[in-house]
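A.B. asks: requesting a structural model of the entry that follows:
(2 chains)
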Amino acid sequence: MDNLTKLENESIFIIREAYYQFKKVAMLWSIGKDSTALLWMVRKAFYGKLPFPVLHIDTGYKFKEIYQFRDEYAKKWNLNLLVHKNEEAMRHGVGPDKQKLTCCTELKTNALKDAIAKYGFKALYLGIRRDEHGIRAKERFFSPRDEDFEWNYKDQPPELWDQYKSKAKDEEHLRIHPLLSWREIDIWEYVRRENIPITSLYFAKNGKRYRSIGCETCCNPVDSDADTIDKIIEELKTSTVSERSGRAQDKESAYMMQKLRSLGYM
Amino acid sequence: MLFGKNKKRTFVLGIDGFPYSFLQDRFIQENMPKLSSFTKQNLTKRMDSVYPVVSSVAWTSFATGQNPAEHNIFGFVDRTPNPFQITIPTARERRAKTIWQEFSAQGKKVIVINVPLTYPPEQVNGILTSCFLCTDINKSTYPADFSGYLKEKNYIIDVDAGLAKENKRKLMDELFLATDKRFEIALELFKNKEWDYFQLHIMETDRLFHFFWNDLEMQGEYYPDIIKFLAKLDTHIDELQNKLNDEDRFIMLSDHGFCGINYEVQLNAWLKQQGLLKFTNGSTKLPEYHKDTVCYSLLPGRIFINLEGREEKGTVKKSEYQNIRKDIKNRLLNFTDPATNENIIDRVFFREEIYSGPYLDNAADIIAHPKRGYDLKGRTEKTDIFEKSHLNGMHTYDDAFIYAKNCDISKIKSIMDVKKAILTN
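C.D. replies: Here you go, the predicted structure:
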């Protein structure tokens, strides 16, 4: 079996297993390449008919291409799309121009908390991958979050021999990570093989392309001439730059920067 | 001497940014009578800080007894050259052994509270609570569950310095609260835990001097609060000193001095004006500097050459490196305040002149040290070189103090020498 098929099989197994356990689930769709690939596999897992909704946490600061793509494919693929915003924070003027950390916390984390409470989801599918980021390397396929959203990465079920602990306590919700084993290049090879539609932001225009997409205000394109999937795959084979280098700082350093700025040290 | 009895314990009280000259002033003799009397009973000295003069570098130099090229901490912010990225050094980047690690390795019990650059908390033979860079009290301690005690005590990791712009009254209240809490938990641990090395760090003096220096110097609105704060601190120190045994070592020290600010000096704006730092396409974010840039600066006064082969967009040839450094040094030494014609930069160092060690390559190529009153900053979006802000006190290099009881500090010249004095006598 080739590598992509093996990865796909593993992911689809996890997708089905989680749905069987929870039923009250949703999938987070950021419209980026990973969660779009995940959505593709979820559609395959349920033969084109999703038995649960697709949730988009909308900060209001996404690229216009992202909104267009979302609406177009939500319709084409007949998705039960839920769009959730933290409208209260937005009304209070929370935005990236003020404090980046507060902005992410309010418009992403708290918006998601809200949505989970509102719809009563017991588990969420996410398209994160281990090779994206140091802390994600510690993730599990089934990863519990407690009522405060805290993830105790030192106290996780071991997942040896593909035995997954897929039950959650009442106050917890479980995050399901079917793409954990995939690498960035695997995703692109899969996109090519399956011919998955993908937003144009990933393809180079005027020597720049987005390699990882978040909010328009907080991510930067990387230098690149890769304007086709083939070229992107070639580029990834030689690139030494990290995938998320164009993304604004992580939460912890964002907090520290805010702190240092208030002290006049930045 | 009986085993276990009369063993010499060490208590270190860090009072951040407290100037030696201040300690000698009549103002302190009147308002901090206890502290003043201690400094008359035992040797109290002026000592030097390190370059650049910021707390993360100075306290790491204290804790490791080494210079920045040996311990790898060069400032509150740093950069990776390729790919270019602004980073914030934490205890993860520290590359030398701290005094609490040495004591721990000897099987001695240690308690370390709030020392700058101790986040994330490291494993010690005892307890460690992190400094103000810690994002979350739940993650602030070793052992991890010790944070439960801090929460129970309503301990705060730091004051909210953002209040300096919005609500100085509230900031002042928080300074009192934070200091009280630190002494409260320190005295409890002092009593209830066994320890051989105890270090308590008071950060609030630094915050007080940064944001209230003018009130102090000009007897402004908060002058009575400053006196109250210092008197309270004096009482805390007295209480602590009374609890120590006669044979315990007691060391008090600061990491730098303080003085008022005439101007904040945006060194990157000056570099832009000199044509040494360039931006294109309207962006002024440091990572987006133009490749024709000769050098850029990180606060305070650290200048990095845009060196080919090292920096992501490096264009300065290795063969030009020395001449370019000399040229920049000359320009810095001729950089004057247009209002007074006075020099702004006091001393300019090439990194190898002040640092030596395995991490020298991570240091800035040039370190500029300002004259008193000119606080070097590093913003890149500014066009005005000279500014004033809500900060009104800045650090000085040669005016830190050290006091010691039962420890010979006569040979100490700089904060880097303290660790050796503690470990060897």
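A.B. asks: give me the most central residue, chain A.
C.D. replies: residue A:127 (4.6 Å; Cα atoms, centre = their mean).
A.B. asks: for that residue, phi and psi?
C.D. replies: Main-chain dihedrals, residue A:127, degrees, to the nearest 10: phi -100, psi 40.
A.B. asks: surely it and residue A:37 touch.
C.D. replies: Yes: applying Cβ atoms under 8 Å, one finds residue A:127 in contact with residue A:37, separated by 6.9 Å. Any C-beta I mention is one placed from the backbone N, CA and C, and that applies to glycine too.
A.B. asks: any residues in contact with both of those two?
C.D. replies: residue A:179 (Cβ atoms under 8 Å, 6 or more residues apart in numbering or on different chains).
A.B. asks: pull up the pairing partners for the host helix or strand of residue B:200, direction included.
C.D. replies: Assessed by DSSP states H and E, residue B:200 sits inside strand B:197-202. Strand B:197-202 has the following strand partners under DSSP bridges: strand B:10-15 (parallel), strand B:110-113 (parallel).
A.B. asks: partner strands of the very next helix or strand once past the shortest one and their direction?
C.D. replies: With elements assigned by DSSP H and E, the helix or strand that comes after strand B:110-113 is strand B:126-129. In the sheet containing strand B:126-129, the strands it pairs with under DSSP bridges are strand B:110-113 (parallel), strand B:141-142 (antiparallel).
A.B. asks: now strand B:126-129, how far from the centre of its chain.
C.D. replies: Strand B:126-129 sits 20 Å away from the centroid of its parent chain (Cα atoms, centre = their mean, to the nearest Å).
A.B. asks: as a markdown table, the strands paired with strand B:197-202 with mean neighbour count and mean pLDDT would be great.
C.D. replies: Putting the strands paired with strand B:197-202 into a markdown table (neighbours: other Cβ atoms under 10 Å in any protein chain shown; pLDDT from 0 to 100) gives the following:
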| stretch | mean neighbour count | mean pLDDT |
| --- | --- | --- |
| strand B:10-15 | 23 | 98 |
| strand B:110-113 | 25 | 98 |
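A.B. asks: what sits up against stretch B:221-230?
C.D. replies: B:28, B:31-32, B:168, B:172, B:175-176, B:179, B:204, B:208, B:212, B:215-216.
A.B. asks: can you pick the most crowded of these?
C.D. replies: Of all the contacts of stretch B:221-230, residue B:208 has the most neighbours under the rule other Cβ atoms under 10 Å in any protein chain shown, reaching 29 neighbours.
A.B. asks: how much space between the spatially closest residue to residue A:212 that is not a sequence neighbour and residue B:136?
C.D. replies: Computed as Cβ to Cβ, 6 or more residues apart in numbering or on different chains, the closest residue to residue A:212 that is not its neighbour in sequence is residue A:244, at 4.9 Å. In this view, residue A:244 and residue B:136 are 22 Å apart by Cβ to Cβ, to the nearest Å.
A.B. asks: check contacts around residue B:338.
C.D. replies: Going by Cβ under 8 Å, 6+ apart, residue B:338 touches no other residue.
A.B. asks: that one in helix, strand or coil?
C.D. replies: With DSSP: H, G, I helix; E, B strand; the rest coil as the basis, residue B:338 sits in coil.
A.B. asks: read off the pLDDT value for it.
C.D. replies: Residue B:338 carries a pLDDT value of 93.
A.B. asks: if you count neighbours, what's buried in stretch B:338-350?
C.D. replies: By neighbour count with 16 or more other Cβ atoms under 10 Å in any protein chain shown, stretch B:338-350 contains the buried residues B:344-345, B:347-350.
A.B. asks: please apply the same query to stretch A:252-266.
C.D. replies: A:252-260, A:262-266.
A.B. asks: tell me the residues of the stretch 151-266 of chain A that contact chain B?
C.D. replies: A:241-242, A:245, A:251-253, A:255-257, A:259-260, A:262-266 (Cβ under 8 Å from any Cβ of the partner chain).
A.B. asks: let's see which of these end up in helices.
C.D. replies: A:251-253, A:255-257, A:259-260, A:262 (DSSP state H).
A.B. asks: burial of residue B:26, as a residue count?
C.D. replies: 8.
A.B. asks: closest one of the contacts of stretch B:221-230 to residue B:247?
C.D. replies: residue B:32 (25.4 Å; Cβ to Cβ).
A.B. asks: pLDDT weak spots in the stretch 101-250 of chain A?
C.D. replies: Low-confidence segments of the stretch 101-250 of chain A (pLDDT under 70): A:101, A:133-138, A:146-172, A:245-250.
A.B. asks: switch the cut-off to 80
C.D. replies: For the stretch 101-250 of chain A, residues meeting the criterion pLDDT under 80 lie at A:101-105, A:132-140, A:143-173, A:217-218, A:239-250.
A.B. asks: and the helices in it, which stretches?
C.D. replies: For the stretch 101-250 of chain A, the helices defined by DSSP state H, counting those that start in this stretch cover A:111-119, A:184-194, A:229-238.
A.B. asks: what residues does the stretch 201-350 of chain B have near chain A?
C.D. replies: So the stretch 201-350 of chain B meets chain A at B:207, B:210, B:264, B:299 (Cβ under 8 Å from any Cβ).
A.B. asks: surely the first one meets residue B:159?
C.D. replies: Yes: at 5.9 Å, residue B:207 counts as touching residue B:159 under the criterion of Cβ under 8 Å.
A.B. asks: overlap in contacts of those two?
C.D. replies: Common neighbours of residue B:207 and residue B:159 (Cβ under 8 Å, 6+ apart) are B:171, B:175.
A.B. asks: name the single longest helix found in chain A.
C.D. replies: Max-length helix for chain A by DSSP H is helix A:3-22.
A.B. asks: dump the buried residues of stretch B:338-350 to TSV, plus pLDDT, secondary structure and distance to residue A:75.
C.D. replies: Converted to TSV, the buried residues of stretch B:338-350 look like this (pLDDT from 0 to 100; DSSP: H, G, I helix; E, B strand; the rest coil; distance: Cβ to Cβ, whole Å):
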residue	pLDDT	secondary structure	distance to residue A:75
B:344	98	coil	63
B:345	98	strand	64
B:347	98	strand	67
B:348	98	strand	64
B:349	98	strand	64
B:350	98	strand	64
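A.B. asks: just the closest of those to chain A, please.
C.D. replies: residue B:344 (17.8 Å; Cβ to the nearest Cβ).
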